[in-house]
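Participant: I'll drop the sequence and a predicted model, then ask my questions.
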Amino acid sequence: MNQFFLLLTIPFLGAYAGDIHFECPRENGQFEDPYQCDKYYECSDNHASELLCPDGLVFDPKIKSDNKCDQPFNVDCGDRKELQTPKPSGVCVRQNGHFPHPDSSVCNIFYNCVNGHELEVTCAAGLHFNPKTASCDWPETSGRVGCRSEANKQLDDGFQCPTDFRQIDGNGQMITHHTYPHPDDCTKFYICLNGVEPRQGACHAGLVYNEEIQRCDEPENVPGCEDWSNSTTKS
């Protein structure tokens, strides 16, 4: 699932790790270390210098630009499992990357870290942060356990989002935010964000909620609400 989250630009700051014995595959270029995913070698006239990506990023030899360090979820490190020692800062496990909330029961909040500075991001209702893809995802695919959930939240008037909500509307379109009529007030309705988190909504003056079309409508189009108005109270 594609879901909005802010991704800041990380300036390339390769850390110099010294000169070592490395056989340059070509006279000039950048080449990955066979064991460590965030280490690489820059060859100039067959002379190799060992470099490190900024903490939290890894080296991708497939990138055509000079800056070949990228987020781990974009790179297949293969057998290059080793990484440099982390440099944590606050909630940032490493200087750069996307990291879950330190409270493992809070699954809908994560942090986008850039050079040790975090930006808190909240997933849309009903979604959890998926560390493998660094994005918001459905709970069943995010793999998180022990999460606090809004799925069974009850509003003050007792409304809860049904667990057997319809996935498809009358036109065959996927329903993302399910809506339901209020049992006593034609001008009010309930919204279940992503089908799980309840909110109460109200129509503009002169309109009533039409369950058939899932939106507010003229009273004469809604059986039982023909004579309803915002200035009257249904007995």
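Facilitator: On my side now, so go ahead. Residues are numbered from 1 along each chain as shown.

Participant: Report how many residues lie close to G126.
Facilitator: Number of residues near G126 (other Cβ atoms under 10 Å) recorded here: 21. Where C-beta positions appear, they are placed from N, C-alpha and C, glycine not excepted.

Participant: Now it: closest residue in space, sequence neighbours ignored.
Facilitator: The shortest distance from G126 to any non-neighbouring residue, by Cβ to Cβ, 6 or more residues apart in numbering, is to N194 (3.2 Å).

Participant: same question, A134
Facilitator: Counting by Cβ to Cβ, 6+ apart, the residue nearest A134 is H98, at 3.8 Å.

Participant: Please report how far that neighbour lies from F110.
Facilitator: 6 Å (Cβ to Cβ, to the nearest Å).

Participant: what do you get for H128?
Facilitator: In terms of Cβ to Cβ, H128 sits 9 Å off from F110.

Participant: Contacts for stretch 191-198, please.
Facilitator: 124-127, 149-151, 153-155, 159-162, 165, 175-180, 190, 199-201 (Cβ atoms under 8 Å, 6 or more residues apart in numbering).

Participant: first to last residue in it, what's the distance?
Facilitator: One end of stretch 191-198 to the other measures 6 Å (Cα to Cα, to the nearest Å).

Participant: repeat for stretch 64-83
Facilitator: Terminal-residue distance, stretch 64-83 (Cα to Cα): 22 Å.

Participant: wait, doesn't F159 sit right on Y190?
Facilitator: Yes. F159 is in contact with Y190 according to Cβ atoms under 8 Å; the separation is 5.4 Å.

Participant: Could you chop the protein up by domain?
Facilitator: Using automatic domain parsing, the domains assigned to the chain come out as 97-142, 150-235.
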